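1. predicted structure and sequence below. I'll ask about it afterward.
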Amino acid sequence: MPARAFTALGGLALLASLFLPWYSVLSAWQSFQVADVLLGTLALAIVAFAFRRFPGPATVFAALAAVIVAVKLVWRPEDLGTSYGVWIALAAALAALVGARGIAGRA
């Protein structure tokens, strides 16, 4: 799979993961106030910049998304266990980062 498509697929998977349960039965949209909007914006930006000539912004946005998801995984709301949505979000952000680095390596 070409790196650009891999990056875009990671961004779309990140966006879709925001609707899945992250903590027990709560989705990211239900759990957060700012981080959900920020992650959604980053996911759309990753997809948009995946097909641009300069892949730098996609790399930065994917790295930022991966850090945000990792922080939300470590510092989760009290008394709530993690669910599969946060793991999918982390995998998607890391996949987008790997894909964006692949684009940068070819540019």
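-> Sure thing, it's come through.

2. middle-most residue in the chain, spatially?
-> When the chain is reduced to its mean C-alpha position, the nearest residue by CA atoms, centre = their mean turns out to be A93, at 3.5 Å.

3. and the gap between the nearest residue to Y23 once chain neighbours are set aside and S31?
-> Setting aside the residues directly before and after it, Y23 is nearest to L80 in space (CB to CB, 6 or more residues apart in numbering), at 3.9 Å. (C-beta placed from N, C-alpha, C; glycine too.) If you measure L80 against S31 using CB to CB, to the nearest Å, the figure is 8 Å.

4. which residue lies farthest from the center of this structure?
-> Per CA atoms, centre = their mean, the most distant residue from the centre of the chain is D79 (24.4 Å).

5. run a quick neighbour tally on F54.
-> Residue crowding around F54 was assessed by other CB atoms under 10 Å; the count is 11.

6. separation between it and V60?
-> With distances taken as CB to CB, F54 is found 11 Å from V60.

7. cool, A50 as well?
-> With distances defined as CB to CB, the gap from A50 to V60 amounts to 13 Å.

8. between those two, which is the more surrounded one?
-> Remark: of A50 and V60, A50 carries more neighbours, 27 against 16, as counted by other CB under 10 Å.

9. contacts only, for the closest residue in space to S83 that isn't next to it in sequence.
-> By the measure of CB to CB, 6+ apart, the closest residue to S83 outside its immediate chain neighbours is P21, 4.1 Å from it. With contact taken as CB atoms under 8 Å, 6 or more residues apart in numbering, P21 is in contact with 27, 83-85.

10. what does the host helix or strand of R101 rub up against?
-> Secondary-structure assignment from DSSP states H and E places R101 in helix 84-106. Contacts made with helix 84-106 from outside it, assessed by CB under 8 Å, 6+ apart, are listed as 3-11, 13-14, 16-23, 27-28, 39, 46, 50, 55-56, 58-59, 62-63, 65-66, 68-70, 72-73, 76.
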